[in-house]
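Engineer: Could you look at this predicted model? Sequence included:
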Amino acid sequence: MFFLLWFLGVLCDQITKWWAEERLQEAIVPVISRVLELRLRKNFASAFGLQFLDRPQHVVVTVGVTVFLLLALFSGRHSRSLPFFLGGSLYLAGAWGNLIDRLWRGYVVDFIEPSFWATFNVADILIVAGVIGIVWGFLRREERKDSGL
């Protein structure tokens, strides 16, 4: 289930990015007037337009975090925590979706543009949802440990 969710997340991300590059080259699609648009952006930076890492460093960090999460998830400590399990899968789907872009295209395809935030993509949504799940699962585990369960 973990690997299926990871694969489906990457697939969904890549399909939506393919769609954005095919359909949004010259177009802007208003979803909610003055609040949310679909607009193609090519992000050559790490996050929020800031360059934290170069391409090889992104590979090293993504692979390192992947190994760490897989060890944490399957070592037995967090294996019974559904939020941690799902969060890890979603996080890895997003991280690998953006890494595929960096390696294949040389940039990350962003296309969801709210008027109040930076442009993002499905992988970014998966990363945020994944981090929330990981933190929630970790906090639930700590609560159980503190209560003696």
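Structural biologist: Happy to help now that I have it. Residues are numbered from 1 along each chain as shown.
Engineer: Who are the packing partners of the worst-scoring helix or strand of the chain on mean pLDDT?
Structural biologist: Considering only helices and strands, the least confidently modelled element of the chain by mean pLDDT, DSSP states H and E is helix 122-147, at a mean of 84. Counting contacts by 3 or more C-beta pairs under 8 Å, 6 or more residues apart in numbering; DSSP states H and E, helix 122-147 is packed against helix 2-23, helix 82-104, strand 108-114. Bear in mind the C-beta positions are built from the backbone N, C-alpha and C, glycine included.
Engineer: okay, the ones you listed in TSV with mean pLDDT, mean neighbour count and distance to residue 122 next?
Structural biologist: Compiled in TSV, those are given as follows (pLDDT from 0 to 100; neighbours: other C-beta atoms under 10 Å; distance: least, C-beta to C-beta, whole Å):
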stretch	mean pLDDT	mean neighbour count	distance to residue 122
helix 2-23	97	16	4
helix 82-104	95	21	7
strand 108-114	97	21	8
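Engineer: Compare those and give me the one nearest residue 45.
Structural biologist: Closest to residue 45 of those is strand 108-114 (C-beta to C-beta; 8.4 Å).
Engineer: Could you list every helix and strand that that closest one packs against?
Structural biologist: The helices and strands touching strand 108-114, judged by 3+ C-beta pairs under 8 Å, 6+ apart, are helix 2-23, strand 36-43, helix 82-104, helix 122-147.
Engineer: now the third one against strand 108-114, angle please.
Structural biologist: Read that as helix 82-104. Helix 82-104 and strand 108-114 meet at an angle of 120 degrees, taking axes from the mean of the first three to the mean of the last three C-alpha atoms, to 10 degrees as the criterion.
Engineer: Send me helix 82-104 as CSV with only the CA atoms.
Structural biologist: Once side chains and other backbone atoms are set aside, the C-alpha atoms of helix 82-104 remain, and they are given as CSV (Å, rounded to 0.1, in the frame of the first residue of the first chain):
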residue,chain,number,x,y,z
LEU,A,82,-1.3,5.3,9.9
PRO,A,83,-0.7,9.1,9.8
PHE,A,84,3.1,8.6,9.8
PHE,A,85,2.8,5.8,7.2
LEU,A,86,0.5,7.8,4.9
GLY,A,87,2.5,11.0,5.5
GLY,A,88,5.8,9.3,4.6
SER,A,89,4.3,8.0,1.4
LEU,A,90,2.8,11.3,0.4
TYR,A,91,6.0,13.2,1.2
LEU,A,92,8.1,10.9,-0.8
ALA,A,93,5.7,11.1,-3.8
GLY,A,94,6.0,14.9,-3.8
ALA,A,95,9.8,14.9,-3.3
TRP,A,96,10.3,12.4,-6.1
GLY,A,97,7.8,14.2,-8.3
ASN,A,98,9.8,17.4,-8.1
LEU,A,99,13.1,15.6,-8.4
ILE,A,100,12.0,14.0,-11.6
ASP,A,101,11.3,17.4,-13.0
ARG,A,102,14.7,18.7,-12.0
LEU,A,103,16.4,15.8,-13.6
TRP,A,104,14.2,15.5,-16.7
